[in-house]
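Q: Whatever this is, show me its structure:
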Amino acid sequence: MTLASALSIADSGLTAINAQFALVSHNVANASTPGYAAETSADQAVTAGGQGMGVIAQPAQRATDTALQASLLQQNGIAAGLQTTANALAAIAATQGTPGQGGDLASMLGALQDSFSTLLDDPSSQPQQHAVLQAAGNLATSLNALSASVTEQRQAAQDALVSGVAAVNQDLTTIGNLSDQIMQAKSQGQSTADLENQRDAAISDLSQYLAVTVLPQANGDVVLTTEGGVQLPIHGAAAPLSIASAAAGPGAYYPGGGLPGIMLNGTDVTAALTGGKLAANVALRDTALPTYQAELDEFAQNLSAGFAAQGLPLFTNAAGAVPAGGGMPVQSGYVGYAAAIEVNPQIAANPNAVRDGFPSQNASGLAGFNSVITNVLQSVLGDAPVDGGHVAGLGPAGTLNASFAQPATLADFATAILGGEAADSAAAASQLSSAQALQSGLQSKLASATGVNMDTEMSSMIALQNAYAANAKIIGALQAMYGDVLNMVVQP
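A: Numbering: from 1, shown residues only. Modelled structure (predicted):
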């Protein structure tokens, strides 16, 4: 072996070591980057005619665990979807108030019953007549607030679908661009590890919006499919998915009722986009929240119709009318009524009407007239069964069903509404906690299997320093030998 070849070998060693140092530095810098897979590079010996010529660093490769990655992607969608649902239902629960504390629907109905019971003892008491109107107003206002909260959350779900689709399109574009670079680098024998880590980060973000399956291709590309079997395009159109903006009022519904679906190049794929934030917001917008609205509308209509049947139309719309039932679908005449219900303006202007009825049934003008009050307490606010209440075929399209059985009384109805929504909120919060715990566990496992291990990187650093020192000594010795040879040549 010549001095020149020995110097070349040592020099290639230093070059390879510098490349390894850069890789260790890169790993350490990204140790806290979520989803980053540690990169490694092997050295390959170079020979010519059976004689060693040094080493070269191979392109960096990533540590991967495809099974764990797939599980984590799935869990990302589950956790993100449950978070979306839990947030919306918690907002509804907050508006409902705490059961038994006076601010919830059942308590306000009970307060109205108590005010009528007190009025029965002194029907001519003007302060107590006003107390009845106050209790009735509180109940109507509570229904208004609950309906407004449902509409607000439903609109938020619709708006989140629009922004979510935009985010998905951005992720698909990013994944496609990175895949193009990966395929090109792979064809040229270059490292694609950094690009693959960046693509995985984009896929991880995508998995929060919808459940995806990742199918790696031999050329470095990936194919993304939904659980419903729809392939998501990552090359070509910049925005393959689309959804129109819309107002998600009580009368709006999907499909065919003014609320849009999610389109993929002109085809409705809403049902195929399961998992993640998109599916959660679709379920909130089209099922969970409109069902709450329908339950409130049914309670409001039954409350109003019950009072009107006793000659006291205490609750009406702003025009002083009680919406009629008996339509097809069953709620067609009073969809969204909970948002509009109020104390009848004509009765509010004539407090004596809560004693006499409207039109007045107290023909003699008796101060102690109590027939209307008694009938209200017995047939509306007491144990009398709800007349005409519905729990199936609800909503503007007649496609929704309440989460509870036919209630026996108005009090049972109010309790069922409160209990059902509180149970949904508690269940979503509990499921979210479990899902996040599993997500955290999968993240820890994946980080342990493929992430940066600082102890390993430190060991590599020490080994590289030792190797660098050894190669430096060889070069130093070769320099001394070159000096000796030159001295021998120049001496006379």
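Q: Strands of the stretch 201-350 of the chain, residue ranges please.
A: 212-216, 222-226, 231-232, 241-242, 263-264, 267-268, 315-316, 342-343 (DSSP state E, counting those that start in this stretch).
Q: can I see the domain layout of the protein?
A: For the chain, automatic domain parsing gives the domain ranges 3-31+452-490, 69-439.
Q: wait, which of the ones you listed is closest to Ala37?
A: If you check each of the domains of the chain against Ala37 by CB to CB, domain 69-439 wins as the nearest, at 5.9 Å. C-beta coordinates here come from the backbone N, C-alpha and C atoms, glycine included.
Q: Tell me the gap between that closest one and the middle of its chain.
A: Domain 69-439 has its C-alpha centroid displaced from the chain centroid by 15 Å (CA atoms, centre = their mean, to the nearest Å).
Q: Keeping just the C-alphas, turn the helix or strand hosting Ser107 into PDB.
A: In this structure, Ser107 sits in helix 105-121 according to DSSP states H and E. Output of helix 105-121 as PDB, limited to C-alpha atoms (Å, rounded to 0.1, in the frame of the first residue of the first chain):
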ATOM      1  CA  LEU A 105     -85.100  23.000  32.300                       C
ATOM      2  CA  ALA A 106     -86.600  20.600  34.800                       C
ATOM      3  CA  SER A 107     -86.100  23.000  37.700                       C
ATOM      4  CA  MET A 108     -87.700  25.900  35.800                       C
ATOM      5  CA  LEU A 109     -90.700  23.800  34.900                       C
ATOM      6  CA  GLY A 110     -90.900  22.900  38.600                       C
ATOM      7  CA  ALA A 111     -90.700  26.600  39.500                       C
ATOM      8  CA  LEU A 112     -93.600  27.300  37.200                       C
ATOM      9  CA  GLN A 113     -95.600  24.600  38.800                       C
ATOM     10  CA  ASP A 114     -94.800  26.000  42.300                       C
ATOM     11  CA  SER A 115     -95.900  29.500  41.200                       C
ATOM     12  CA  PHE A 116     -99.300  28.200  40.000                       C
ATOM     13  CA  SER A 117     -99.700  26.200  43.300                       C
ATOM     14  CA  THR A 118     -99.000  29.400  45.300                       C
ATOM     15  CA  LEU A 119    -101.400  31.300  43.100                       C
ATOM     16  CA  LEU A 120    -104.100  28.700  43.700                       C
ATOM     17  CA  ASP A 121    -104.100  29.800  47.400                       C
END
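Q: i'd like the first residue to be 655 from this point on
A: Will do, 655 is the new start, and the previous item becomes helix 759-775.
Q: and the gap between Ala934 and Ala1126?
A: As judged by CB to CB, to the nearest Å, Ala934 and Ala1126 stand 60 Å apart.
Q: So which residues of the stretch 755-904 of the chain form helices?
A: Secondary structure of the stretch 755-904 of the chain (DSSP state H, counting those that start in this stretch): helices located at 759-775, 780-841, 847-861.
Q: Tell me the pLDDT of Asn1141.
A: Confidence at Asn1141, expressed as pLDDT, is 73.
Q: Next, it: secondary structure please.
A: At Asn1141 the chain is in helix, as set by DSSP: H, G, I helix; E, B strand; the rest coil.
Q: okay but Met917 is in contact with Val923, surely?
A: Yes - the pair Met917 / Val923 is scored as a contact, 7.0 Å apart, by CB atoms under 8 Å.
Q: quick one: common contacting residues for the two?
A: Leu895 (CB atoms under 8 Å, 6 or more residues apart in numbering).
Q: pLDDT below threshold where in the stretch 905-1054 of the chain?
A: 1041-1042 (pLDDT under 70).
Q: which stretches of it form helices?
A: 930-937, 943-963, 991-994, 999-1002, 1007-1010, 1025-1033.
Q: Just tell me which of those helices ends up closest to Gly1074.
A: Closest among these, using CB to CB: helix 943-963, at 7.5 Å.
Q: which residues does the residue sitting nearest the centre point of the chain contact?
A: Centroid-nearest residue in the chain: Thr738, 2.7 Å away (criterion: CA atoms, centre = their mean). In this structure, Thr738 makes contact with 814, 931, 934-935, 938, judged by CB under 8 Å, 6+ apart.
Q: If you rank these by neighbours, which is first?
A: Within the contacts of Thr738, Ala934 tops the neighbour count with 28 neighbours, counted by other CB atoms under 10 Å.
Q: That residue reaches Thr739, doesn't it?
A: Yes - Ala934 lies in contact with Thr739 (CB under 8 Å); the separation is 5.0 Å.
Q: that older thread, any chance of the helices of the stretch 755-904 of the chain in CSV with mean pLDDT and distance to Gln1000 as columns?
A: Listed next are the helices of the stretch 755-904 of the chain as CSV, based on pLDDT from 0 to 100; distance: least, CB to CB, whole Å:
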stretch, mean pLDDT, distance to Gln1000
helix 759-775, 95, 19
helix 780-841, 96, 12
helix 847-861, 93, 57
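Q: Of these, give the one that comes closest to Tyr991.
A: Smallest distance to Tyr991 across the helices of the stretch 755-904 of the chain (CB to CB): 8.5 Å, for helix 780-841.
Q: quick one: that closest one to strand 876-880, angle?
A: Relative orientation of helix 780-841 versus strand 876-880 (axes from the mean of the first three to the mean of the last three CA atoms, to 10 degrees): 150 degrees.
Q: and the helix holding Ser761 with helix 943-963, angle?
A: Using the same axes, to 10 degrees: helix 759-775 against helix 943-963 is 10 degrees.
Q: How about Ala744: what's its closest non-neighbour residue?
A: Ser1079 (5.8 Å; CB to CB, 6 or more residues apart in numbering).
Q: Does the one you found touch Ala748 like I think?
A: No - using CB under 8 Å, Ser1079 is not in contact with Ala748, being 9.2 Å away.
Q: neighbour count winner among those two?
A: For Ser1079 versus Ala748, neighbours defined as other CB under 10 Å are more numerous around Ser1079 (20 against 11).
Q: Show me what the host helix or strand of that one is packed up against.
A: In the assignment (DSSP H and E), Ser1079 maps to helix 1064-1104. On a contact count with 3 or more CB pairs under 8 Å, 6 or more residues apart in numbering; DSSP states H and E, helix 1064-1104 meets helix 720-750, helix 759-775, helix 943-963.
Q: can you put these in JSON lines and add distance to Ser858?
A: Formatted as JSON lines, the helices and strands packed on helix 1064-1104 follow (distance: least, CB to CB, whole Å):
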{"stretch": "helix 720-750", "distance to Ser858": "6"}
{"stretch": "helix 759-775", "distance to Ser858": "42"}
{"stretch": "helix 943-963", "distance to Ser858": "29"}
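Q: Out of those, which one sits most buried?
A: Among the helices and strands packed on helix 1064-1104, helix 943-963 has the highest mean neighbour count (mean count of other CB atoms under 10 Å), at a mean of 25.
Q: packing partners for it?
A: Using 3+ CB pairs under 8 Å, 6+ apart: helix 943-963 touches helix 720-750, helix 780-841, strand 969-970, helix 991-994, helix 1025-1033, helix 1064-1104.
Q: Just send those back as a markdown table, with distance to Thr880 too.
A: Shown next, in a markdown table, are these (distance: least, CB to CB, whole Å):
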| stretch | distance to Thr880 |
| --- | --- |
| helix 720-750 | 10 |
| helix 780-841 | 11 |
| strand 969-970 | 47 |
| helix 991-994 | 36 |
| helix 1025-1033 | 54 |
| helix 1064-1104 | 20 |
